[in-house]
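Asker: this one's structure only:
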């Protein structure tokens with residue numbers, strides 16, 4: 001019996017009459033699991049094979065960056081004409097967990113599994129897109145070419161993530177510094193001024209009174225306030241992971257000023273690159289759309305792509321299906337039309353991806369330049385306001401003489 005004829009456990013989240021439900025289902029593969037859910041009247045939003053990780057959990061975890069490096073090394077070795085098993089044996093990595101994974105893949109391939117089957121046993125490290133592309137490459141005899149595209153895709157994704165992290169690093173550091181300065185002033189500086197003000201028989205301005213009250217609260221109830229802050233952070237983290245909060249959060253992100261356009265363009269770029277690779281690899285458009293929708297990481301766009309997929313099944317063109325969602329800009333629709341008409345949809349999608357990725361990079365750079373003075377202004381207002389509140393009574397007293 002082949003690997004894909006075996007039964008596997010999948011977890012799913014789906015909508016049932018407008019209500020979010022989740023559970024498990026057994027099927028040979030993810031697409032049959034999806035079909036089974038549709039037959040039950042469910043609209044799936046996420047289907048995942050039950051995660052199987054390496055048994056050596058006490059070892060160093062495997063990062064996305066390391067998996068990207070593994071794909072690039074394997075691509076180079078295969079392009080050099082070295083057989084797959086020998087290529088895997090040649091790769092040496094410093095992470096013992098990753099080395100265990102490579103050894104396990106070698107063992108499975110030697111025992112008769114195909115490369116895609118071996119990868120499919122570790123969905124925690126190789127997702128559905130990766131495995132489907134490898135399977136398509138094995139069928140068409142273009143494994144090296146597809147691995148090259150996958151490696152390039154992973155590298156671009158890593159660069160994009162690093163760029164976002166770099167853009168957010170400065171604001172995070174400044175905000176952290178501002179919080180430390182404010183806390184230091186409230187704990188050590190304000191009490192000194194309070195002692196001075198207590199010796200004066202002069203009413204304090206309301207602004208100064210509120211600062212002193214908050215400082216006194218910090219001194220008298222430090223444990224209570226620390227627990228309150230900790231509970232607030234835990235509540236936010238739990239809310240972030242709650243499935244009912246995710247649709248609301250993603251709708252808010254798409255409407256927030258400054259970042260909404262960046263988010264939309266990043267989603268479209270990620271989706272179109274995945275669709276270009278999967279479609280060019282020879283996967284049917286419905287299967288390619290299904291795989292690509294999972295890379296959006298946004299339920300609003302994922303639902304729209306699902307609607308487009310239904311329209312295509314009913315006979316609509318790809319252009320008409322995407323135009324009906326009202327979520328994709330005219331440029332996307334026009335390039336899809338040109339690609340669909342000329343039979344170069346994959347190439348047009350890649351060009352479109354390059355355009356949107358450049359726009360996202362420029363927007364992130366611009367956002368970083370905009371946030372810098374904005375954060376410095378907020379920092380100045382917070383610290384400056386606190387200092388003014390402390391010296392305001394002294395200024396008031398000076399004006400009385």
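Answerer: Arrived safely, thanks for sending. Note that the structure is predicted; figures quoted are calculated from it, not measured.

Asker: what about the strands in the chain?
Answerer: 8-16, 19-27, 43-49 (DSSP state E).

Asker: could those strands be laid out in CSV, adding distance to residue 145 and mean pLDDT?
Answerer: (Each C-beta comes from the backbone N, C-alpha and C, glycine too.) As requested, those are exported to CSV (distance: least, C-beta to C-beta, whole Å; pLDDT from 0 to 100):
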stretch, distance to residue 145, mean pLDDT
strand 8-16, 28, 78
strand 19-27, 30, 80
strand 43-49, 26, 76
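
Asker: For the ones you listed, give me JSON lines that also has distance to residue 139.
Answerer: Compiled in JSON lines, the strands of the chain are given as follows (distance: least, C-beta to C-beta, whole Å):
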{"stretch": "strand 8-16", "distance to residue 139": "20"}
{"stretch": "strand 19-27", "distance to residue 139": "21"}
{"stretch": "strand 43-49", "distance to residue 139": "21"}
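
Asker: and of those strands, who's closest to residue 318?
Answerer: Closest approach to residue 318 among these (C-beta to C-beta): strand 43-49, 21.4 Å.

Asker: if we can go back for a sec, JSON lines for the strands of the chain, including distance to residue 257 and mean neighbour count?
Answerer: Listed next are the strands of the chain as JSON lines, based on distance: least, C-beta to C-beta, whole Å; neighbours: other C-beta atoms under 10 Å:
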{"stretch": "strand 8-16", "distance to residue 257": "29", "mean neighbour count": "17"}
{"stretch": "strand 19-27", "distance to residue 257": "28", "mean neighbour count": "13"}
{"stretch": "strand 43-49", "distance to residue 257": "27", "mean neighbour count": "18"}
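
Asker: how about the ones you listed, which one is nearest residue 196?
Answerer: Of these, nearest to residue 196 by C-beta to C-beta is strand 19-27, at 57.7 Å.

Asker: For residue 98, which of the strands of the chain is the nearest?
Answerer: So among the strands of the chain, strand 43-49 is nearest, using C-beta to C-beta, at 20.5 Å.

Asker: so who does residue 154 touch?
Answerer: 64, 67, 68, 71, 72 (C-beta atoms under 8 Å, 6 or more residues apart in numbering).

Asker: and those, which are buried?
Answerer: 67, 68, 71, 72 (16 or more other C-beta atoms under 10 Å).

Asker: any idea which of the residues you listed is closest to residue 342?
Answerer: Using C-beta to C-beta, residue 71 is the member of the buried ones among the contacts of residue 154 that sits closest to residue 342, with 31.0 Å.
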